[in-house]
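Quick one, structure for this:
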Amino acid sequence: MLRLGLTGGVACGKSTVGRMFAEMGAYVVDADQLVHELYRKGQPVYYQLVKRFGGVILGSDGEIDRGRLAALAFEGGMVQELNRIVHPAVAQRQREWIEDIVRTRPDAITMVEAALILEAGGKSRYDKIIVVTCEAEQKVARYAGRSGLPEAQARAEVERRSKAQMSDAEKARLADYVIDNSGPLEATRLHVEKIFAELKPLARASAVDR
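Numbering: from 1, shown residues only. Predicted coordinates:
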C-alpha cells in the first residue's frame, strides 16, 4: 500500500489530476469532503468551532456556513486556530479511510487530495507527495470560470487564499513529483500515467513487506 498526498496551489487542477489517478486505479479522497462531514451538526468538530468562533458562523439551518467561517478565519487572522481544530480530526478520518481500503487491498495506491498538506506539517503521513502547479494567470482564469466571479474578484480571492499557502515553488521543493498543469490536459494525463506506472511496483512491494 502506498499513501500519497496530492496538493498544490489555488485552482491549479488538483481535482482534475486526482480524477486521472482514480481512473487509472488509485483510491482517491478529497479532504474537503471529509471536512464537510466533520462540520455537520452533532460532530465534535462542529461544537469546537461554534465554541471558538461563535454562532455567527451558523446558517439559518443551524449548520456551519463554510463561507462565513472561512471569511472570519481569513479576515480575522484566525486561520491557524481553525487549522488547530480541524486538521487533527481530518488526519484521523484519513487514517480510518486508508485502513478500510488496505484491509481488502494491501497493494492499493491511496491518495488524499488536500490544499494544505505541507502547510499543516502533514508530509510525514504520506509515502510520496505530488504537487500540481500552473501559471499565476491560469489560477485566476480557472477560479473565475468555476466560481462565476468577475476577473477582478476572482483575482482578489485567489490572492487571499494563496496568502495562507506556501508558494508553488516552495511546495515543489518538498514534493516527490511535480505535475505542471499549465498546458493541455493531454500533457497532464501523460505525466500522470508516467507517475502511476512508477508507483504501481512500489505499492506491490509494500504489500509483500506487510
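
Going by C-alpha atoms from here, please, whenever you check contacts or count neighbours.
Will do.

nearest spatial neighbour of Gly18, skipping sequence neighbours?
Using Cα to Cα, 6 or more residues apart in numbering and skipping the chain neighbours, the partner closest in space to Gly18 is Val28 (6.6 Å).

Now name the helix or strand holding the one you found.
Element membership of Val28, judged by DSSP states H and E, is strand 27-30.

could you give the mean pLDDT of that strand?
When pLDDT is averaged along strand 27-30, the result is 96.

I'd like the numbering to begin with 243 instead of 1 from here.
In the new count, where the first residue is 243, that last one comes out as strand 269-272.

partners of it in the sheet?
Neighbouring strands of strand 269-272 in its sheet, by DSSP bridges, are strand 351-355 (parallel).

What does the pLDDT read for the residue lying closest to Leu324 once chain neighbours are set aside?
Nearest in space to Leu324, with sequence neighbours left out and distances taken as Cα to Cα, 6+ apart, is Ala315 at 6.7 Å. pLDDT for Ala315: 88.

Pull the number of nearby residues for Ala315.
17 (other Cα atoms under 10 Å).

can you check the one 3 residues further on too?
Gly318 is flanked by 9 other residues according to other Cα under 10 Å.

Spit out the contact partners of it.
For Gly318, the contact set (Cα atoms under 8 Å, 6 or more residues apart in numbering) is empty.
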